[in-house]
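# pasting the sequence and the predicted model now:
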Amino acid sequence: MKKLRRYFVVLCALVCCVVPAAAQGRVEIKDARFEPDSVLLGDHFDLVLEVVGEGNVAVGFPSITPEFAEGRIELIAERGVDTLSSKEGRYHLRKSWRLTSFEPAMYSIDSLGVLWTDGERIDTLFTHSPLTLEVAMIPVDTAQKTIYDIKQPLDAPLKLGEVGGYALSGLGVVALVVALVLLVVRKLRRGVVEKMAPKEPAHIIAIRELEKLSNQKLWQNGKVKEYYSRLTEILREYLDGRYGVAAMEKTTDEIVSAMREVEVEPKYITKLGELLSESDLVKFAKYIPSEECHEESYNTVYYFVEESKEVAEEVAKPEAQEIEGVTVEREEDGDEK
């Protein structure tokens, strides 16, 4: 048996029991015990302290601190003071603490102190005999060698609140998958339509963009740099679409060299080269050409597109002649009768 001598720090909130009696009071400790006094590791138990007295007195019970039993017994909850009886100048008080321990041992608390005063004197009473407590390990039957199977889970019915969240999550996943499938199908259909639609000729795109540029009236509103930037951009895009010249990635000199290789008419090679060089001065050297130059540059690009556009081969349809209500097609040579 291990004895632990530890006095409590007292003077916690005084619990007063006032009864009409003689001027001089008296207090005594009726009982102090662990309840129960034998527990298993981790079980809860109570420390109970009962005090009886008479007269006008105030009683102060001890406080359970972390140092109690060298910290091997832990406080879970401290209960208030219960008045078991109070009549004819006598009273019976009880104080208890809910405790636990995770260290198996035989504990012995030598004494507990209770402070009391009747206004004239202050005294401390101590328990007369040690308080014993046995904390034992959970018994294990080592003789039993039978290996039991794992217990099956309890068969509890499912509730809507338990499966509702999973159902909503599943519906959300299904909705997301459906949305992705629809998006993929739409993109595939759009791709098929784009592939089936004939590519718009480069000269039609260029003429349309030139007309937009003319309607914007950029140079007329003082936006000369923006005007030349857009004009040369239209020209570069047309060279790319019509001749396959990657003009957007080339310098002016490279574009001129490339035009010589793709059979652009010499007169336009010179004019377009001058236009691109003049545009570089406008964009990078803050050069401002005259208004006549603005119009001339526009016309140069416009007529170049018109004269260099690809002309689709027209398939000649056989002429039809109507003779006396009968339509007869002109046959090719060699079918004469």
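That came through, no problem. Residues are numbered from 1 along each chain as shown.
# dump stretch 235-243 to CSV, restricted to CA.
Taking Å, rounded to 0.1, in the frame of the first residue of the first chain, the C-alpha atoms of stretch 235-243 are listed here in CSV:
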residue,chain,number,x,y,z
LEU,A,235,-3.2,43.3,-95.5
ARG,A,236,-1.2,40.8,-93.6
GLU,A,237,-4.2,38.6,-92.9
TYR,A,238,-5.1,38.7,-96.6
LEU,A,239,-1.6,37.6,-97.6
ASP,A,240,-1.8,34.7,-95.2
GLY,A,241,-5.2,33.6,-96.4
ARG,A,242,-4.7,34.1,-100.1
TYR,A,243,-1.0,33.2,-100.6
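# give the rounded mean pLDDT of it.
In this model, stretch 235-243 has a mean pLDDT of 89.
# which other residues reach it?
201-203, 205-206, 209, 245-248, 255, 258-259, 262, 264, 272, 275-276, 301, 304-305, 308-310 (Cβ atoms under 8 Å, 6 or more residues apart in numbering). Any C-beta I mention is one placed from the backbone N, CA and C, and that applies to glycine too.
# at 6 Å what do you get?
By Cβ atoms under 6 Å, 6 or more residues apart in numbering, the residues outside stretch 235-243 that reach it are 202, 206, 245, 247-248, 262, 301, 305.
# sort out for me which of those are in helices.
The helices, defined by DSSP state H, take in 202, 206, 301, 305 from the contacts of stretch 235-243.
# most neighbours, which of those?
residue 206 (24 neighbours; other Cβ atoms under 10 Å).
# ok, back up a step: show me the two of the ones in helices among the contacts of stretch 235-243 that sit farthest apart.
Pairwise distances across the ones in helices among the contacts of stretch 235-243 (Cβ to Cβ) peak at 12.9 Å, for the pair 202 and 301.
# separation between residue 298 and residue 149?
As judged by Cβ to Cβ, to the nearest Å, residue 298 and residue 149 stand 93 Å apart.
# between these two, tell me which one has more neighbours.
More neighbours surround residue 298 than the other of residue 298 and residue 149, with 18 against 5 (other Cβ under 10 Å).
# and that one, what element?
Taking DSSP states H and E as the definition, residue 298 sits inside helix 291-308.
# kindly report the same for residue 288.
Under DSSP H and E, no helix or strand contains residue 288.
# okay, now the unreliable bits of the stretch 201-337 of the chain?
311-337 (pLDDT under 70).
# any idea of the mean pLDDT in stretch 140-160?
Averaged over stretch 140-160, pLDDT sits at 74.
# give me the buried positions along it.
Buried positions in stretch 140-160, judged by neighbour count with 16 or more other Cβ atoms under 10 Å: none.
# cool, stretch 126-144 as well?
Buried residues in stretch 126-144, defined by neighbour count with 16+ other Cβ under 10 Å: 127, 131, 133, 135.
# cool, stretch 63-74 as well?
Residues 64, 68-69, 73 are the ones in stretch 63-74 that count as buried (16+ other Cβ under 10 Å).
# which two of the residues you listed have the greatest separation?
Maximum distance among the buried residues of stretch 63-74 (Cβ to Cβ): 9.6 Å, for 64 and 69.
# where do the helices sit along this structure?
160-196, 202-216, 224-243, 252-261, 266-285, 291-308.
# pull the distance from the last one to the chain's centre.
For helix 291-308, the distance between its averaged C-alpha position and the chain's averaged C-alpha position is 57 Å (Cα atoms, centre = their mean, to the nearest Å).
# now do it and helix 224-243, the angle between them.
Going by axes from the mean of the first three to the mean of the last three Cα atoms, to 10 degrees, helix 291-308 is angled at 10 degrees with respect to helix 224-243.
# what comes up buried for stretch 290-297?
Going by neighbour count (16+ other Cβ under 10 Å), the buried part of stretch 290-297 is 293-294, 297.
# can you tell me what sits against that stretch?
219, 275.
# how about the nearest residue to residue 76, chain neighbours excluded?
Leaving aside its chain neighbours, residue 76 sits nearest to residue 98 (4.4 Å; criterion: Cβ to Cβ, 6 or more residues apart in numbering).
# and the gap between the one you found and residue 149?
Per Cβ to Cβ, residue 98 is found 37 Å from residue 149.
# just give me the residue closest to the centre of this protein.
By Cα atoms, centre = their mean, the chain has its centre lying nearest to residue 169, at 16.5 Å.
# let me see the confidence value for it.
Confidence at residue 169, expressed as pLDDT, is 87.
# can you give me the distance of it to residue 163?
For residue 169 relative to residue 163 (Cβ to Cβ), the value is 10 Å.
# do the same with residue 309
69 Å.
# of these two, which one has the most company?
Comparing residue 309 with residue 163 by other Cβ under 10 Å, the one with more neighbours is residue 309, at 16 against 11.
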